[in-house]
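Peer 1: let me see the structure of the following:
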Amino acid sequence: MKIAFIVWRFPVLSEAFILNQITGLIDRGHDVHIHPVNGLPKNYTGKIHPVVEEYKLLERTHFPPTVPENLVLRFFKGLGLLFKNLGKGSLKTLQLFNTKKYDSEVATLKTFYRTVSLLQDGSYDIIHCQFGTLAPIALAYRDVDIIKGKLITTFRGIDISKYVQENGVNVYDQLFKEGEFFLANCEFFGNRAINLGCDSKRLVVHGSGLDCSKFSFKPRYFPSDSKVKIATTGRLVEKKGIEYGIRAVAKIAAIHPNIEYNIIGDGELKEKFENLITELNVGHIVKLLGWKQQKEIVEILNDSHIFIAPSVTAADGNQDAPVNTLKEAMAMGLPVISTIHGGIPELVQDGISGFLVKERDADGIAEKLSYLIEHPEAWEKMGLSGRGRVEEKYDMNKLNDELVEIYQQMLNVEFSQQGVSQFCTSSQYA
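Peer 2: Numbers count the residues shown, from 1 in each chain. Modelled structure (predicted):
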């Protein structure tokens with residue numbers, strides 16, 4: 001199959017779940033093309049996930065021409081692209097400037113840039129939009145015959161939470177009518193899509209997969225030097241709830257002074273967290289480590305004893321699915337503490353592989369941290385349960401096999417819910 005992955009930017013370090021699908025499809029012999037509508041990530045430093053180099057994914061990526069910041073230059077360069085590609089059908093793009101039919105993300109000068117590679121080769125078996133927010137763009141391009149193929153859309157979190165809150169409950173009406181099929185990375189978001197009008201017969205839950213072989217299980221025992229190491233991995237943004245992890249550690253520092261809290265990640269709240277750490281006088285315990293490569297993350301987690309993922313619903317409505325960094329920690333045998341938030345309860349079984357507390361509950365996190373520190377005999381059993389849960393529900397190879405079958409069924413003339421139900425065993429809708 002020839003497959004187009006439509007993404008916002010590429011390569012993005014925090015989107016390993018997309019890389020896992022791309023490489024899984026390549027391993028299964030399929031021809032994958034990557035279309036980042038906005039090009040490289042902002043402030044791109046060249047730091048990439050190892051598999052991007054291993055699979056030479058940049059050679060499969062169709063980057064749009066750089067869009068000038070200056071609007072006048074943007075207009076004239078865009079006009080040049082229009083005339084340069086007349087023989088490839090660039091005049092089709094003019095239809096996209098019908099503001100009564102298309103929204104501002106489609107009816108924009110960026111369209112001249114975004115469609116260049118598709119004008120050269122826009123014929124695919126499958127068009128896979130990796131976020132619901134991308135689907136209106138793909139729908140519009142297909143509508144004017146710039147791109148061809150069956151359209152499948154994955155809802156991953158921000159697109160079915162914040163985006164809906166900002167744009168209204170009818171924002172996906174056209175997509176639900178014209179898109180062929182839909183995936184949700186957890187039941188929580190699947191139910192939300194159905195409540196917004198998605199046909200349950202055309203949606204299945206398909207989780208974000210993890211390559212368990214890269215995260216070796218290790219039983220956790222109380223350290224000989226008595227220093228308990230706690231870890232969190234995630235962007236320093238509101239919905240990751242890291243503030244409450246810091247506050248929880250500060251609350252137990254007097255009772256359990258021999259602890260260390262390592263936070264892996266970077267983001268817009270870094271300065272706020274630095275000030276909070278100073279205010280709470282826990283700079284000797286809490287460390288902001290910044291971005292790390294996957295190999296470095298594995299090394300840090302391998303040396304840790306407890307993992308915290310304190311996700312919260314952000315003020316703008318943004319919510320998380322089962323957090324991939326949480327899956328990684330569980331796969332490595334770490335007992336975890338997380339929150340009753342989004343799709344996380346579908347991953348963490350409270351009291352079995354770890355603990356769940358309410359959102360923004362620093363006291364609750366502190367209580368569970370103290371319990372785990374004082375009961376290290378529970379670590380190994382929780383770690384084993386967590387590893388088993390990840391292998392059962394989120395194994396990348398199983399999920400990639402399922403994805404290929406979904407694609408193949410979409411291409412069959414007799415595509416039906418009966419066909420979907422035969423292989424989508426992870427879905428409550430199948």
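
Peer 1: and the pLDDT at residue 423?
Peer 2: Per-residue pLDDT puts residue 423 at 47.

Peer 1: likewise for the one 4 residues further on?
Peer 2: Residue 427 is assigned a predicted lDDT (pLDDT) of 48.

Peer 1: repeat that for residue 16.
Peer 2: pLDDT, residue 16: 86.

Peer 1: now it. Nearest residue, chain neighbours left out?
Peer 2: residue 49 (6.0 Å; CB to CB, 6 or more residues apart in numbering). In this view, the C-beta of every residue, glycine as well, is placed from N, C-alpha and C.

Peer 1: next up, phi/psi of the one you found, please.
Peer 2: phi -70, psi 140 (degrees, to the nearest 10).

Peer 1: can you pull out the low-pLDDT segments for the stretch 51-200 of the chain?
Peer 2: Counting by pLDDT under 70, the stretch 51-200 of the chain shows no low-confidence range.

Peer 1: cutoff 90 now
Peer 2: Scanning the stretch 51-200 of the chain for pLDDT under 90 picks out 100.

Peer 1: where does the nearest residue to residue 97 once chain neighbours are set aside sit: helix, strand or coil?
Peer 2: Nearest residue to residue 97 in three dimensions, chain neighbours excluded: residue 107, at 4.9 Å (CB to CB, 6+ apart). Secondary structure, DSSP: H, G, I helix; E, B strand; the rest coil: residue 107 is coil.

Peer 1: count of residues packed around residue 107?
Peer 2: For residue 107, the tally of surrounding residues (other CB atoms under 10 Å) stands at 17.

Peer 1: again, but for the one 3 residues further on
Peer 2: The burial metric for residue 110, expressed as a neighbour count using other CB under 10 Å, is 17.

Peer 1: dihedrals phi and psi, it?
Peer 2: Dihedral angles (degrees, to the nearest 10) for residue 110: phi -60, psi -20.

Peer 1: list the contacts for it?
Peer 2: 37-38, 64, 67 (CB atoms under 8 Å, 6 or more residues apart in numbering).

Peer 1: need the max-distance pair from those residues.
Peer 2: Using CB to CB, the contacts of residue 110 reach their maximum pairwise distance at 37 and 67, which is 10.6 Å.

Peer 1: quick one, which of these two is more surrounded?
Peer 2: Higher neighbour count among residue 37 and residue 67: residue 37, with 21 against 17, using other CB under 10 Å.

Peer 1: so how far is residue 118 from that one?
Peer 2: 10 Å (CB to CB, to the nearest Å).

Peer 1: repeat that for residue 307.
Peer 2: 42 Å.

Peer 1: and the helices in the stretch 201-350 of the chain?
Peer 2: 242-252, 270-279, 294-302, 324-331 (DSSP state H, counting those that start in this stretch).

Peer 1: which residues make contact with the first one from outside it?
Peer 2: It refers to helix 242-252. So helix 242-252 is contacted by 230, 232, 234, 236, 259, 261, 263, 265, 269, 272-273, 276-277, 280-282, 285-286, 308, 310, 312, 360-363, 365-366, 369-370, 373 (CB under 8 Å, 6+ apart).

Peer 1: what sits closest to residue 62 if chain neighbours are left out?
Peer 2: Per CB to CB, 6+ apart, closest to residue 62 is residue 117, 3.5 Å.

Peer 1: can you list the neighbours in contact with the helix or strand encompassing that neighbour?
Peer 2: Assigned by DSSP states H and E, residue 117 belongs to helix 116-120. For helix 116-120, the external contacting residues (CB under 8 Å, 6+ apart) are 35, 62-65, 81, 85, 88-90, 92, 141, 146-147.

Peer 1: try it again at 7 Å.
Peer 2: 35, 62, 64-65, 81, 85, 88-90, 141, 146-147 (CB atoms under 7 Å, 6 or more residues apart in numbering).

Peer 1: before we move on, what about stretch 226-240?
Peer 2: Applying CB under 7 Å, 6+ apart, the contact partners of stretch 226-240 are 14, 242, 245, 249, 258-270, 273, 297, 300-301, 303-309, 311-315, 318-320, 325, 373.

Peer 1: that's a strand at residue 124, yeah?
Peer 2: Yes. Assessed with three-state DSSP, residue 124 lies in a strand.

Peer 1: wouldn't it be in contact with residue 5 here?
Peer 2: No. Taking contacts as CB atoms under 7 Å, residue 124 lies outside contact range of residue 5: 9.8 Å.

Peer 1: for residue 355, name its beta-bridge partners.
Peer 2: residue 337 (DSSP bridges).

Peer 1: would you confirm that it contacts residue 368?
Peer 2: Yes. Using CB under 7 Å, residue 355 makes contact with residue 368 at a distance of 4.3 Å.

Peer 1: can you give the domain ranges for the chain?
Peer 2: 2-209+398-421, 212-393 (automatic domain parsing).

Peer 1: distance of residue 49 from residue 370?
Peer 2: Counting by CB to CB - residue 49 and residue 370 are separated by 36 Å.

Peer 1: what do you get for residue 352?
Peer 2: 19 Å.

Peer 1: give me the common contacts of residue 355 and residue 368.
Peer 2: residue 337.

Peer 1: good, we can wrap up now.
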